[in-house]
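S.K.: generate coordinates for the sequence data below:
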Amino acid sequence: MADAFISYRRKPSAALAQLVQEKLRNRHNIDAYVDTTRTDSSRVQFPERLMEAIGESPVFICLLGEGTLESAWVRKEIDRAYALHKHCIPVFQEGFVSPEDVDDAVAYLLRFDGVHIFDVKAVFIDESIEQIAALCAPFKIALPPSPPPRFPIRALVTLVVIVLVAAAALLVQSALNPGAPSPTPPLSAFDQLQTAQVQMTQGAATRTVGGLTATYDAVQQATATAAARQIMATETAAYATLLALSPTPDPLQVALQAARTFTGSNADWQALYPEGFVHSFDDGVPMALVPAGCFMMGSDEGRSDEQPVHEQCFDAPFWIDLTEVTQADFARLGGVKANASAFVGDQRPVERITWFEARDFCALRGVRLPTEREWEYAARGPAAWQYPWGDDWNPENLIRSRTSGLGTANAGSIGAGRSWVGALDMTGNVWEWISSLYETYPYDAQDDRERDAQSQTDVLRVMRGGSWYIVSSDQFRAAFRNRTSPAIDNYASGFRCARSS
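M.R.: Numbers count the residues shown, from 1 in each chain. All right, here's what the predicted structure looks like:
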């Protein structure tokens, strides 16, 4: 199984493909699959094998040179990678010009972080291949060490074919010898072809053996095809055995590595994990992974306390609860609060809870309340969307405008409202307690706004996300800031927890 598949057009990228393959293997121990072409541009591998190779490789590398996207073969390979949601690495050669209109598959490829390579000037090529290796590294599949086979597969199969041909020749000789002690059993069609080849000479036009008439060339071609099928079948069986013995990559470690090195957009993360990467730790509560990155916190279109808009960056990923904490999980994990929730239901979010009670429950789980900047980043992402699902208001994407007779709804019940990392109900259902003290912007974690303040109640704590009773879309903007006393526990206040990676 290769670590990566390299897609390219013979002109102008054949030499570069071989160079990238060689350096990835020799310098980085990364095995890249490269199809080869004959001088007449015909394919050596069967098309089906190429599609299989793309499916088997965790990473799809596409060398993009002048006219690459005009190649039907390359487009088929890109379509295959898109259909399988492969992690892609576009490699931009000097002659590549990005087309104005592209289909979904090419657009998917171009969304990934790419590498520019100066193949014409022939400078910094090693540095570019280093970058390709770094992008491949998180997805490299480690196979367990195993002793080398006693005989190479091709050599073994070749030996078997030679033995079969020799046996067929002996059978022919026995059949032509009237003094043979016992009759020869009927030959199979494949054996008859091999027998015909043994009996024919290069000068014979046709020959009939066992009722089979064929030209020498036809027999030779048929025998070669049969032998090739035999080799392919043997290699396929060997590969299946190797695949069965190979360990499955740990999805958690793959996702964490991708999150640590992430530098893309909301769409780039969603391309990797369309519904977010979700993992449950020992407490059994599902959490969504939030990758490293930067975003612009605040809004020029909102209230004055959302300004100035300023950049916040995360050097490391973190986790945030997939949904607001449910009443079932709160009870199961030993949560304690003074007042019972008003809208009872195992899967409904906890409400009527103070900031202190929410803080203590998160600590009981070994996690914490999210900071204000963590919450907003998990809701808006690098694109700084207005709402968790995008920039366009959609009242169907959240729990809102409900009477007190209805109150809350089950946590995470509207999938269309998920944020770019998959977190649900980031707006609507209940307001969410944040760890941060309410202070002016720009946000600065070092200015004491993240202090615990113990049981101090003469301060204001931030709440985010809006609630079930609100009608106006303004308070559902992901940049909107609410604040109240940490001792308040009303029917509209809940929370979710966060965890450092």
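S.K.: what sits against Ala255?
M.R.: Residues touching Ala255, when contacts are defined by CB atoms under 8 Å, 6 or more residues apart in numbering, comprise Tyr273, Phe277, His279, Leu289. No exception for glycine: its C-beta is placed from N, CA and C like everyone else's.
S.K.: contacts only, for the second one.
M.R.: So that's Phe277. Applying CB under 8 Å, 6+ apart to Phe277 gives the contacts Pro251, Ala255, Ala259, Ala288, Leu289, Val421, Gly422.
S.K.: spell out for me the PyMOL command that would select the buried members of those.
M.R.: To isolate the buried members of these in PyMOL, using 16 or more other CB atoms under 10 Å:
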select buried, resi 255+259+288+289+421+422
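S.K.: so which of the contacts of Phe277 belong to strands?
M.R.: Of the contacts of Phe277, the ones assigned to strands by DSSP state E are Ala288, Leu289.
S.K.: among the contacts of Phe277, give me the pair with the biggest separation.
M.R.: Greatest spacing in the contacts of Phe277, by CB to CB: Pro251 and Val421 (15.7 Å).
S.K.: so how far is Ser419 from Glu306?
M.R.: Going from Glu306 to Ser419 by CB to CB, to the nearest Å gives 18 Å.
S.K.: hmm, I was thinking of Gln475
M.R.: Applying CB to CB, the value for Gln475 to Ser419 is 17 Å.
S.K.: neighbour-wise, which of the two wins?
M.R.: Remark: of Gln475 and Ser419, Ser419 carries more neighbours, 27 against 18, as counted by other CB atoms under 10 Å.
S.K.: give me the element that one is part of.
M.R.: Following DSSP states H and E, one finds Ser419 outside all helices and strands.
S.K.: Glu22 too?
M.R.: Under the criterion of DSSP H and E, Glu22 resides in helix 10-28.
S.K.: now that helix: mean pLDDT?
M.R.: For helix 10-28, the mean per-residue pLDDT is 92.
S.K.: equivalent analysis for stretch 324-341, please.
M.R.: Averaging pLDDT residue by residue across stretch 324-341 gives 98.
S.K.: so how far does it reach from one end to the other?
M.R.: With CA to CA, to the nearest Å as the measure, the ends of stretch 324-341 fall 14 Å from one another.
S.K.: quick one: residues in contact with that stretch.
M.R.: Where contact means CB under 8 Å, 6+ apart, the residues beyond stretch 324-341 that reach it are 283-285, 344-354, 357-358, 360-361, 364-365, 411, 425, 429-430, 432, 489, 494-497.
S.K.: and these, which are buried?
M.R.: Among the contacts of stretch 324-341, the ones that count as buried (16+ other CB under 10 Å) are 285, 348-354, 357-358, 361, 365, 411, 425, 429-430, 432, 489, 494-497.
S.K.: quick check: closest non-adjacent residue to Ala498.
M.R.: Distances taken as CB to CB, 6 or more residues apart in numbering place Pro370 nearest to Ala498, at 3.7 Å, with adjacent residues excluded.
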